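>>> Coordinates for the following, if possible.
(chains A and B)
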Amino acid sequence: MTAVINAPSPWKRRLNKITTYLSKPQNAILLALGIVLTVTTIWPAFSIVRDTVTIHKGTVDTRGAAEGQVYTTFNWTDMFAPSTNTAKKLATINLWTPLLNSVLLSIFACIGSIAYGGFFAYLVTRTNLKFKKYLSSIFIFPYIMPQWTLAVIWRNLFNSNAITKGADGLFASVLGVRMPLWWCQGMFPSAVVLALHYAPFAYILIGGIFRNMDANLEEAATILNTPRWKTFLRVTLPLVKPAILSTILLVFSSAMGSYPIPHYLKLSTLSTKYVELNVQRTGEASILAVIMMMFGIGILLVNQRTTSGRKNFTTVTGKSGQSTLVNLGIGKYILSGLYIITTLFTGIVPIILFAVETFLPNPGDYSFLTSGISGHMTTKWWVTAENVSENGMYGQKGMLFNETIWNAFGGTLLVAVCCALVAGTIGTLVGYCVSKNRRSKWAAYVNNMAFLPYLMPALAVGVAFAKFGSSVGIYNTFLLLILAGTVKYIPFASRSALNSMMQLSGEIEEAAIIQDIPWWKRMTRIIIPIQKSSIISGYLLPFMTCLRELTLFMLLCSQAKIITTLLDYFDEMGLYAFSSGINLILIIVILLFNALVNKLTGASIDSGIGGDSK
Amino acid sequence: MSRIELTHITKRWGGFYAVDDLDLVIEDNAFVTLLGPSGCGKTTTLRMIAGLETPTTGRITIDGVPVFDSDAGINVPANKRRVGFLFQNYALWPNMTVFQNIAFGLGNIKESGLSVTPEGEIVRNPDDGGAPRKLTKEEIKRIVDRVSAIVKIQPFMDRYPGELSGGQQQRVAIARTLAPGPKVLFMDEPLSNLDAKLRLEMRSELQRLHLTTGSTFVYVTHDQMEAMTLATRICLISNGVLQQYDAPLTVYNRPNNTFVADFVGNPAINFMNARGNQQADGSFALKLLDKYEAVFTPSESVKADEWYANAEKEIAAFEAKIRPAEKTNKDVPFNYPVHMVTDIADDRKPDKEDWALGVRPEFVHVCDDGPVEGEVFSAMPTGMETTVRIKVGNYLLTSVVFGGVTYRIGEKIRFRFSGNGATLFSRVNGRLVSTGQVEIK
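Numbers count the residues shown, from 1 in each chain, chains lettered A, B, ... in the order given. Below you'll find the predicted structure:
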């Protein structure tokens, strides 16, 4: 019964090989995704680089060539090798100071968030701290809330007319305390606010390892009569080092690309400087974006080296018994008290302040505190139903009746839903396909391509898509926003999907393959039901992040298109009541969604990767 | 009929050869075990036959139909090979009940000439010309009922896998594999997650299953006992290279080389280093255990110089196939253990007068008139037999004595080598020269 086979032609053989390769769905999907992701990641990046060697408006005359006609190194030499004294000064202002500030800000934010969040993670998982449950849920509030929240709060608390000009903050108007300028603006408040915003990162990532760490590892040291501090330094700390490293990488790149915080707190960084320069000196601004991209790529390389190294321990050994908690003694009350107070300011106070702000007759007018509510509070910001210019409304209707606001809100929801659907689906597929092809170089490439935008400063991605959008004529469309959001958020989904798919033994699916069960049925009946919660996280994370995204979107559309850019617009106009009101609505919507999804599916934002990127 | 044939199958990951140039024929209705230490390439081999892994080069046919051929670029995916696969960790779908787990694959079958007997047996008659159809709900139920009766899991049909014990999960996995009626069944260490008692029980059930289903079984294990007891043929693999492919008792009694001799058998075979020449009468005069003179009488007629010439030719042929540099670990002869009280390293390179004599514990016969005297080093009675380790000079030999004999540690005892089941290997290349009888003078 031996079948006789004639030696096939080399072409036939090659064709056979290709069809065999593509007959596995994961290979076909991987190939398609690889091509799509390469285009959506490389093309925008390429647009920025091309921008730096093009002549733009404003330099047309000095260069003597028409816009976009000739390639030039002018932008680069002007920035890095200025020839005149004026140019030198400009280079300092436009390049070196912002670069230094950005790097310092990122470093301080890393140190701050790891110290604050990492210590909290240790307290919650390894000690007998009081009120753990309350503290650990309130602790991640800053991470759920829009990034500028704390910056605005800082401003509202500490600004004063005498020092910073503008309206008095709560401290000045109620207590009469005027904080010095360094406290109100610049590096210090920016670093503190960023650190507070990213501390939940550190808590989620480091806490995750602490929680899963086999207690036996520490007990083994205890049995050998090692002092506790030595156990901590020599055993515990090295084990959480990978988590600390990945926190550093994430916070560093996120802080570098952060726009709202340095913008509100008036620090000149690469991202704020980019926005400033973009209109008049596009080419040079693009150089700033390229620098940010370089940092992103650098971080990706470091990330790969650290995660593939020998010191990537398996801390989860399965048999983790009840670990003994460190007894803090009286400290458990003191420390939990301290954390209750700080989280009050980062979690509860913002919501209250935003709410109060929408009822103040004038920004910063807290007179109701001293002279009673009636007459010193107003509902006009909410309920004014017609266009009026008096009462400081600038011709806007009250928030409840303001079509611009609700349209923008609808726009945001549209973008968020679409991004979540597309990014979640692609990310899940990437996770699935990569876990099926662990050894393949192509799979590793696709995974990196999907992951790269995660470590790219949001502003750089925004810039790239702005250039890309104008060149293909979709600037200021929802399509562009959705595209940018999708590319930026695929990593959320691909990471959480990959992590959970890696846990799933390949045999679960092979058992179905052997029985000739088609691919879609394997996915819908076996893989997806088993991985339900992590897949939902993969959809949830892009959705939530999209709702409050400003940095990525602000260069891609007109200000009334989505809610966050509109918020920025009102803030610049001085309609603080409106910006506070929108903030309030956003925060409440996000918290509600988080609670709802958590209740319904058990998926939650902190069970995902812990990654946000504004 | 389901004959499986592997020709020149090689699986390589970078410079590492998991399976190297394997030729293997698995006859219809055979029960073949792939045996070897962990990491030797046996699971890889099984997965390549099932289609879950793609070989680097070579050719596999099932029933004469090529399912893989690197030269022709053929690679039939696992789902089209119509085989059953039982996974080591069962791979039950945790989101489905036992019934759903078994029925899920059945809902997918779409063939022409399909019928199900009232007892729940699938009958395939693809040439009857009818249109392809799916199984009805009742038919699926009949099949599930039949297979669940075979493995006795009817009471658990509505439970989820998480609610079953390891042994029950194992049975569900077997039922699921049996349900579509595969002609070939692959099993990857299916019993290794069970406790010792359950393992024995399942072992005998698998044997019955082989008989009742009439399918071809290919079974991977690292447990030589399991391989010995279950298989019709054992395929012993080490470092990705086939060592011996024979019936269990042949592997036990006539091992091809020192590796096979050492791997199969529990307690393990006794190895002794010996030195000497072949005599004119064909017997070998040997000196062993430091001071004893012995005569090994081969049971086959063998000429030492002819044998060496032949072996060298074969080794040269094997080495010619070896790809350069990458797998040096494979041409070093197996370093068989010689048990000693204090280990003394023997760095001398063996020559053609060096032999390794292997004597299984049951041929170390303890008797009062034995020519060799030793003392009891340790004794482990199990009731049915007693395993005694005997110290002779610096050497340790294991003997199995039947019946409940009690020995005192340090007690002097005498023994001789009985029967003609001794094996003589060359120390130069580790190969078997002959089986035979050994007598101490």
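
>>> Contact residues of the stretch 1-150 of chain B facing chain A?
Residues of the stretch 1-150 of chain B found near chain A (CB under 8 Å from any CB of the partner chain) are B:1, B:13, B:50, B:52, B:61, B:63-66, B:69, B:71-75, B:77-80, B:82-85, B:87-89, B:91-96, B:104-105, B:108-109. Backbone N, C-alpha and C define where each C-beta goes, glycine included.

>>> Of the residues you listed, just the buried ones, ChimeraX syntax please.
For the buried members of the residues of the stretch 1-150 of chain B next to chain A, the matching ChimeraX selection, counting by 16 or more other CB atoms under 10 Å in any protein chain shown, is:
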select /B:50,52,61,63,66,69,72,73,74,75,78,79,82,83,84,85,87,88,89,91,92,93,95,96,104,105,108,109
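
>>> doesn't B:L194 fall inside a helix?
No - B:L194 is assigned coil when assessed by DSSP: H, G, I helix; E, B strand; the rest coil, not a helix.

>>> longest helix anywhere in chain A?
The longest helix of chain A (DSSP state H) is helix A:403-436.

>>> and the helix or strand just after that helix with chain B, contact?
As assigned by DSSP states H and E, the chain's next helix or strand after helix A:403-436 is helix A:441-455. No - between helix A:441-455 and chain B, judged by CB under 8 Å from any CB, nothing touches; the nearest distance is 11.7 Å.

>>> So what's the gap between helix A:441-455 and the chain middle?
Distance, stretch centre to chain centre, for helix A:441-455: 18 Å (CA atoms, centre = their mean, to the nearest Å).

>>> The helix or strand that it is followed by - contacts with which helices or strands?
Counting by DSSP H and E, the next helix or strand C-terminal to helix A:441-455 is helix A:458-472. On a contact count with 3 or more CB pairs under 8 Å, 6 or more residues apart in numbering or on different chains; DSSP states H and E, helix A:458-472 meets helix A:25-52, helix A:237-257, helix A:270-277, helix A:282-308, helix A:478-503.

>>> rerun that using 10 Å as the cut-off
The contact analysis (3 or more CB pairs under 10 Å, 6 or more residues apart in numbering or on different chains; DSSP states H and E) places helix A:458-472 against helix A:25-52, helix A:237-257, helix A:270-277, helix A:282-308, helix A:441-455, helix A:478-503.

>>> In JSON lines, list these along with mean neighbour count.
Below are those laid out as JSON lines (neighbours: other CB atoms under 10 Å in any protein chain shown):
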{"stretch": "helix A:25-52", "mean neighbour count": "18"}
{"stretch": "helix A:237-257", "mean neighbour count": "22"}
{"stretch": "helix A:270-277", "mean neighbour count": "23"}
{"stretch": "helix A:282-308", "mean neighbour count": "19"}
{"stretch": "helix A:441-455", "mean neighbour count": "21"}
{"stretch": "helix A:478-503", "mean neighbour count": "24"}
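
>>> Which one, of these, ends up nearest to B:E139?
Within the helices and strands packed on helix A:458-472, the stretch nearest B:E139 is helix A:25-52; the backing value is 28.9 Å (CB to CB).

>>> any bit of that closest one sitting next to chain B?
No - in terms of CB under 10 Å from any CB of the partner chain, no part of helix A:25-52 sits within range of chain B; the closest distance is 10.7 Å.

>>> I'd like the average pLDDT over the host helix or strand of A:K599.
Counting by DSSP H and E, the element that carries A:K599 is helix A:576-601. What helix A:576-601 shows for mean pLDDT is 83.

>>> just the angle between that helix and helix A:403-436, please?
Going by axes from the mean of the first three to the mean of the last three CA atoms, to 10 degrees, helix A:576-601 is angled at 40 degrees with respect to helix A:403-436.

>>> nearest residue to A:N27 other than its sequence neighbours?
The shortest distance from A:N27 to any non-neighbouring residue, by CB to CB, 6 or more residues apart in numbering or on different chains, is to A:Y21 (5.2 Å).

>>> show me the contacts for that neighbour.
Neighbour list for A:Y21: A:N27, A:A28, A:L30, A:L31, B:T54, B:N75 [criterion: CB atoms under 10 Å, 6 or more residues apart in numbering or on different chains].

>>> Nearest to A:S367, out of the helices and strands packed on helix A:458-472?
Among these, helix A:270-277 comes nearest to A:S367, with 33.8 Å by CB to CB.

>>> how much does that closest one deviate in direction from helix A:237-257?
Helix A:270-277 runs at 10 degrees relative to helix A:237-257, counting by the same axes, to 10 degrees.

>>> mind listing what the closest residue to A:G424 other than its chain neighbours touches?
The spatially closest residue to A:G424, leaving aside those adjacent along the chain, is A:Y539, at 3.5 Å (CB to CB, 6+ apart). Residues near A:Y539 by CB under 10 Å, 6+ apart: A:417, A:419-425, A:427-428, A:489, A:492-493, A:496, A:597, A:603.

>>> Secondary structure element holding the nearest residue to B:V76 once chain neighbours are set aside?
Nearest non-adjacent residue to B:V76, counting by CB to CB, 6+ apart: B:V67, 4.1 Å away. Assigned by DSSP H and E, B:V67 falls within strand B:65-69.

>>> next one: B:D20
Here B:D20 is assigned to strand B:16-26, by DSSP H and E.

>>> So, low pLDDT: which residues of chain A?
Scanning chain A for pLDDT under 70 picks out the ranges A:1-8, A:56-71, A:212, A:214-216, A:306-324, A:364, A:369-376, A:385-395, A:601-614.

>>> Domains in it, by residue range?
Under the assignment automatic domain parsing, the domains of chain A span A:101-262+A:329-378, A:388-614.

>>> still on that earlier bit, tell me the secondary structure for the residue nearest to A:G424?
Secondary structure, three-state DSSP: A:Y539 is helix.

>>> Would you map the helices across chain B?
Counting by DSSP H, residue ranges of the helices within chain B are B:42-50, B:98-104, B:137-150, B:166-178, B:196-213, B:224-230, B:248-253, B:258-263, B:304-321.

>>> which parts of the last one are buried?
Buried residues in helix B:304-321, counted by 16+ other CB under 10 Å: B:A304, B:W307, B:Y308, B:A311.

>>> Grab the nearest non-local neighbour of the third one.
Closest residue in space to B:Y308, ignoring its immediate chain neighbours: B:K352 at 6.2 Å, by CB to CB, 6+ apart.

>>> who's in contact with that neighbour?
B:K352 makes contacts with B:N277, B:A304, B:D305, B:Y308, B:S426, B:R427, B:V428, as judged by CB under 10 Å, 6+ apart.

>>> you'd agree the last one is up against B:E312?
Yes - applying CB atoms under 10 Å as the test, B:V428 and B:E312 come out as touching, 9.2 Å apart.

>>> before we move on, the earlier item: go through whichever strand or helix holds the residue nearest to A:N27 and flag the buried ones.
Element membership for A:Y21 (DSSP H and E) is helix A:10-23. Under the neighbour-count criterion of 16+ other CB under 10 Å, helix A:10-23 has A:R13, A:N16, A:T20 buried.
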